[in-house]
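> let me see the structure of the following:
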Amino acid sequence: MTVKQLRAFLAVARTLSFTQACEHLHLSQPALSLAIKGLEESLGGRLLIRSTRSVRLTPEGESLVPLAKRLIAEWDNTEELLRQRFTLQLGRLAVATMPSFASNLLPPALRVFRQRHPRVNVTVHDVINEQVIDMVRARQVELGLVFEPEATGSLSFTPLFRDRFVAVVPADSRLAERSRLGWPTLMTRDFIALQRPSMVRRLLEQALEGRGLTLPAAFECHQLATVGRMVASGLGISAVPSLCIAQMQELGAVCVPLENPVIERDVGVLTWNTHELSVAAVALKEVLAETIHSPGLAAAR
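Okay, the predicted model is just below:
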């Protein structure tokens, strides 16, 4: 049983005329007769009684009419819904992102996406880097915004920019006047760190361990906003990705380029397989590539 056969049957049932049904469907009489015959054969019995002068429905044909109407209506609704999704007139998209990206670079990109596709709803899961990877791997979301994983396996990572860590110091500190800061200087101050298993914390520890150094965490917290406020209050210093520079400055802290060692890592889009992405996911990925650029160090200080 096909949609074409059901449409043919309903046209005949509505007009009780093969000639009028042919005109409505823009079909020839042989093609219409063939469609009706195919429907009857698939269902196992006659639906119409046709003579040289009239056409009438069998009892089975009469019982099929409301069912066929409902099936055709549901098909048309489904077809229209999918058409809207493919043309981004309607849709839903789930994205997972590490908090530093969610609170700093994602909002401007989502604003552009919303302007282009106002009827596509986006759900943002702002979770730690490791959870983003897990959610993409479990296909709970289509896109993940993360630091480049050490191993991707079946996942695909597309870089957006390379992020370089910066020092975060109080605005009234002498360190805020420096053009650059080295880790040996930071190691002598109270350091405010994100708690494990934060990817930011892991990247810092890995880089310092390579130099035989240990991160001196005097304070630990979960949120970057808390780090910024604690630094601004004079409790200590910290180091964050450069994508957080604007956020740190809004909180009252000062960011200074950091070296010796320079700590950097690619930030990008994590997906399961590019060819499996929905149209909405592809569109958002394109917007991210257009709008997201490296924060750089120009904004520091």
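
> quick one: the strands in the stretch 101-250 of the chain, in order.
For the stretch 101-250 of the chain, the strands defined by DSSP state E, counting those that start in this stretch cover 120-126, 143-147, 156-170, 181-182, 191-194, 217-221, 238-241.

> chain center to the second one, what's the gap?
Same thing as strand 143-147. 9 Å (C-alpha atoms, centre = their mean, to the nearest Å).

> got the angle for it vs strand 120-126?
For strand 143-147 against strand 120-126, the angle by axes from the mean of the first three to the mean of the last three C-alpha atoms, to 10 degrees is 30 degrees.

> follow-up on the earlier one: for Gln20, which of the strands of the stretch 101-250 of the chain is the nearest?
With C-beta to C-beta as the criterion, Gln20 lies closest to strand 120-126 of these, at 42.2 Å. Every residue, glycine included, has its C-beta placed from N, CA and C.

> buried ones in that closest one, by neighbour count?
Neighbour-count burial for strand 120-126 flags Val120, Val122, Val124, Asp126 (criterion: 16 or more other C-beta atoms under 10 Å).

> what does stretch 13-27 give?
In stretch 13-27, counting by 16+ other C-beta under 10 Å, buried: Ala13, Phe18, Ala21, Cys22, His24, Leu25, Leu27.

> before we move on, what about stretch 61-69?
Under 16+ other C-beta under 10 Å, the buried positions of stretch 61-69 are Gly61, Leu64, Ala68.

> let's see which of those end up in helices.
Gly61, Leu64, Ala68 (DSSP state H).

> would JSON lines of the residues you listed with pLDDT and distance to Gln223 be doable?
Output for these, formatted as JSON lines (pLDDT from 0 to 100; distance: C-beta to C-beta, whole Å):
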{"residue": "Gly61", "pLDDT": "90", "distance to Gln223": "67"}
{"residue": "Leu64", "pLDDT": "93", "distance to Gln223": "62"}
{"residue": "Ala68", "pLDDT": "92", "distance to Gln223": "58"}
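
> between the residues you listed, which is closest to Ala280?
Ala68 (33.1 Å).

> hang on, that closest one packs against Leu10?
Yes: the criterion here is C-beta atoms under 8 Å, and Ala68 meets it with Leu10 at 5.4 Å.

> mind listing the shared neighbours of those two?
With contacts taken as C-beta atoms under 8 Å, 6 or more residues apart in numbering, Ala68 and Leu10 have no neighbour in common.

> returning to that earlier point: got CSV for the strands of the stretch 101-250 of the chain, with distance to Leu93 too?
Putting the strands of the stretch 101-250 of the chain into CSV (distance: least, C-beta to C-beta, whole Å) gives the following:
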stretch, distance to Leu93
strand 120-126, 5
strand 143-147, 8
strand 156-170, 17
strand 181-182, 40
strand 191-194, 28
strand 217-221, 31
strand 238-241, 25
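
> mean pLDDT added to those strands, as a markdown table?
Below are those laid out as a markdown table (pLDDT from 0 to 100):
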| stretch | mean pLDDT |
| --- | --- |
| strand 120-126 | 91 |
| strand 143-147 | 94 |
| strand 156-170 | 94 |
| strand 181-182 | 92 |
| strand 191-194 | 92 |
| strand 217-221 | 91 |
| strand 238-241 | 93 |
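
> who wins for proximity to Arg56 among the ones you listed?
In terms of C-beta to C-beta, the element of the strands of the stretch 101-250 of the chain nearest to Arg56 is strand 120-126, at 48.9 Å.

> who does the closest one pair with, and is each partner parallel or antiparallel?
Using DSSP bridges, the strands paired with strand 120-126 in its sheet are strand 91-97 (parallel).

> which other residues reach the strand it pairs with?
By C-beta under 8 Å, 6+ apart, the surrounding residues in contact with strand 91-97 are 84-85, 106, 117, 119-127, 131-132, 135-136, 140-146, 278-281, 284.

> mind listing what's buried in that strand?
Those would be Gly91, Leu93, Ala94, Val95, Ala96, Thr97, for strand 91-97 by 16+ other C-beta under 10 Å.

> gap between that strand and the chain center?
Worked out by C-alpha atoms, centre = their mean, strand 91-97 lies 3 Å from the chain centre.

> could you do stretch 178-189 as well?
Its chain's C-alpha centre and that of stretch 178-189 lie 38 Å apart, by C-alpha atoms, centre = their mean.

> what does stretch 128-137 give?
13 Å.

> for the record, mean pLDDT for it?
Mean pLDDT, stretch 128-137: 90.

> C-alpha coordinates for that stretch, CSV please?
Taking C-alpha atoms only, stretch 128-137 is exported to CSV below (Å, rounded to 0.1, in the frame of the first residue of the first chain):
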residue,chain,number,x,y,z
ILE,A,128,33.2,20.2,32.2
ASN,A,129,35.3,19.3,29.2
GLU,A,130,35.3,15.6,30.0
GLN,A,131,31.5,15.5,30.2
VAL,A,132,31.3,17.2,26.8
ILE,A,133,33.3,14.4,25.3
ASP,A,134,31.2,11.8,27.0
MET,A,135,27.9,13.4,25.8
VAL,A,136,29.1,13.5,22.2
ARG,A,137,30.3,9.9,22.4
